[in-house]
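Student: A predicted structure for the sequence below; I have some questions about it.
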Amino acid sequence: MKKLIFIALFAVSLFSHDLTHKVTEQKAIVLSFSFGSSEDFSYQPYEVFAPGEKIPFAVGRTDKLSRVVFVPDRVGKWLVKVISEDGHGKEVEIEVGEDFEITEYSKTNFEKFQKIFVGVALIFAIFIFLQYFIKRKER
């Protein structure tokens, strides 16, 4: 009888240390990082800060494909900081709306000035084109 009680108590203690899990589908925010060439940014440390928080909501390392993935739990401006071991890094602000969709995010310098680059290139191309025809008529 004592053995049976001992086994029952031992069995109950086994269940108290069981780690449970649940699998669900949720909308996540995915940030991909790269240096613009074939160099990847995989396995680099990152921190995700919820709106108005100083303690990170999530910390970890970018995955094999140089991505940071997180699921926000509230609306507002989220901050993602990534810093590589050699000192390269980036801070990205992401505005999350009511439906947990991205309403705005901090853009790269190329994205910010893309229209200016295209406009200057177009004006330069028109100037070269006109110069070519003016020189051709003069001959």
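Tutor: Yep, it's here. Numbers count the residues shown, from 1 in each chain.
Student: start to end distance for stretch 90-102?
Tutor: 18 Å (C-alpha to C-alpha, to the nearest Å).
Student: name the residues of that stretch that are buried.
Tutor: 92, 94, 96 (16 or more other C-beta atoms under 10 Å). Every C-beta, even on glycine, is put in place using the N, C-alpha and C of the backbone.
Student: the last one against residue 79, yeah?
Tutor: No - the criterion here is C-beta atoms under 8 Å, and residue 96 misses it with residue 79 at 11.3 Å.
Student: overlap in contacts, these two.
Tutor: Overlap of the contact sets of residue 96 and residue 79 (by C-beta atoms under 8 Å, 6 or more residues apart in numbering) is empty.
Student: stretch 83-90: how far from the chain's middle?
Tutor: 15 Å (C-alpha atoms, centre = their mean, to the nearest Å).
Student: one more: stretch 76-84?
Tutor: 8 Å.
Student: can you give me the strands in this protein?
Tutor: 29-32, 45-49, 58-61, 67-70, 76-83, 89-96, 102-105 (DSSP state E).
Student: any idea how far residue 139 is from the nearest residue to residue 89 once chain neighbours are set aside?
Tutor: If the residues on either side of it in the chain are set aside, residue 89 comes closest to residue 83, at 3.7 Å by C-beta to C-beta, 6 or more residues apart in numbering. To residue 139, residue 83 is 60 Å away according to C-beta to C-beta, to the nearest Å.
Student: repeat that for residue 132.
Tutor: Distance of residue 132 to residue 139, given as C-beta to C-beta: 11 Å.
Student: between these two, which has more neighbouring residues?
Tutor: residue 132 (10 against 4; other C-beta atoms under 10 Å).
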